[in-house]
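Chemist: next comes the sequence, and after it the predicted model I'd like to discuss.
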Amino acid sequence: MNGLDPKISVIIPFYNCSFVHEAIESVLNQTYKNIEIIVIDDGSKINTERLKPYMNKVSYFYQENGGTASALNQGIKRSTGDFIAWLSSDDVFLPEKLEKQVDFMIKSNSDLVYTNFSLINARSEIIRENVGLILHDRVRFLKQLQKSCPINGSTILVKKEIIPQVGWFDSELKYTQDYDMWIRISAKFKVSVLDETVLHYRIHDNMGSKRFTEDQWKEIKLVQEKYQGMLSRLIHIEEKGLRSKSNDKKV
């Protein structure tokens, strides 16, 4: 890896989304230039014409519909970058997103960095600013993972080399594949947060979290139950280490 200019693979899973052209444009407009864009078409039936102007600017791959996790795994396997970024096809990177994030990631020696973000509507109007959950303290972060997912997937930048070590996105999970992955990464690697808003997350009527709320909550509970014991042990180890450091200072 070129530490001064690592290559970033931006993976855009696409399924019938009418905003995909805006997502692609936002990556093309990045101030950081060592980027490849990988669009995984997850069996789309509509809005595919929105990709046509970009076919010579992205790496495009079609697969039968398998869900977001399957599309992300396909994108990662086809990527050639040092770092992986994920952009949902209805979201938008702000122009300095990747430049600021890769700089922070290298300086903090982190394995995954997530960021703050703002909400936009279907007309790309900002409706709420700086809504991300910013948790610099590892114990607070791990405790939050027990209750909910504090990371917006479209904000992440992660070292590609760590993904095979924790395993691929779980294709059995339709809505919480990101929550499951961040827990596994957090157990073994350094996760940091950049408290800057560099993403616009779109709220609209066709988004899955609005259409399948009940099923999503069922999966959230499954993930929480699966990792409850592991997270409790990690929190105990971290708190024990903090108490030990505190006692050493007193001595």
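Modeler: All right, it came through fine.
Chemist: only C-alpha atoms from now on, for both contacts and neighbour counts.
Modeler: Will do.
Chemist: just give the nearest non-adjacent residue to Val191, would you?
Modeler: Using Cα to Cα, 6 or more residues apart in numbering and skipping the chain neighbours, the partner closest in space to Val191 is Leu112 (4.8 Å).
Chemist: hey, what's the one you found bridged with?
Modeler: According to DSSP bridges, the residues that bridge with Leu112 are Val158, Val191.
Chemist: what is the neighbour count of it?
Modeler: Leu112 has 24 neighbouring residues, counting by other Cα atoms under 10 Å.
Chemist: same deal with Glu36?
Modeler: One way to gauge burial is a neighbour count; for Glu36, by other Cα under 10 Å, it gives 20.
Chemist: ok, it touching Ile12?
Modeler: No. At 10.8 Å, Glu36 does not count as touching Ile12 under the criterion of Cα atoms under 8 Å.
Chemist: now for the longest helix belonging to the chain, which elements pack on it?
Modeler: Assignment by DSSP state H gives helix 213-250 as the longest helix of the chain. Taking 3 or more Cα pairs under 8 Å, 6 or more residues apart in numbering; DSSP states H and E as contact, the helices and strands that helix 213-250 lies on are helix 138-147, helix 177-188.
Chemist: can you tell me which of those helices is most buried?
Modeler: helix 177-188 (a mean of 19; mean count of other Cα atoms under 10 Å).
Chemist: so who does Ile183 touch?
Modeler: Leu145, Tyr227 (Cα atoms under 8 Å, 6 or more residues apart in numbering).
Chemist: same thing with Ile203?
Modeler: Counting by Cα under 8 Å, 6+ apart, Ile203 touches Leu119, Ile120, Asn121, Ala122.
Chemist: would CSV of those residues with distance to Glu219, secondary structure and neighbour count be doable?
Modeler: What follows is the contacts of Ile203, written out as CSV (distance: Cα to Cα, whole Å; DSSP: H, G, I helix; E, B strand; the rest coil; neighbours: other Cα atoms under 10 Å):
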residue, distance to Glu219, secondary structure, neighbour count
Leu119, 24, strand, 19
Ile120, 26, strand, 20
Asn121, 26, coil, 15
Ala122, 27, coil, 14
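Chemist: could the residues you listed be laid out in a markdown table, adding pLDDT and distance to Glu225?
Modeler: Converted to a markdown table, the contacts of Ile203 look like this (pLDDT from 0 to 100; distance: Cα to Cα, whole Å):
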| residue | pLDDT | distance to Glu225 |
| --- | --- | --- |
| Leu119 | 98 | 30 |
| Ile120 | 98 | 32 |
| Asn121 | 96 | 33 |
| Ala122 | 95 | 35 |
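Chemist: then Asn65 would be within a helix, right?
Modeler: No. Counting by DSSP: H, G, I helix; E, B strand; the rest coil, Asn65 is not part of a helix but coil.
Chemist: what sits against it?
Modeler: With contacts defined as Cα under 8 Å, 6+ apart, Asn65 is in contact with Asp42, Gly43, Ser44.
Chemist: where does Lys250 land on pLDDT?
Modeler: Taken from the predicted model, the pLDDT recorded for Lys250 is 58.
Chemist: next, the buried residues of stretch 161-175.
Modeler: By neighbour count, with 16 or more other Cα atoms under 10 Å as the criterion, the buried positions of stretch 161-175 are Ile163, Val166, Trp168, Phe169, Asp170, Ser171, Leu173, Lys174, Tyr175.
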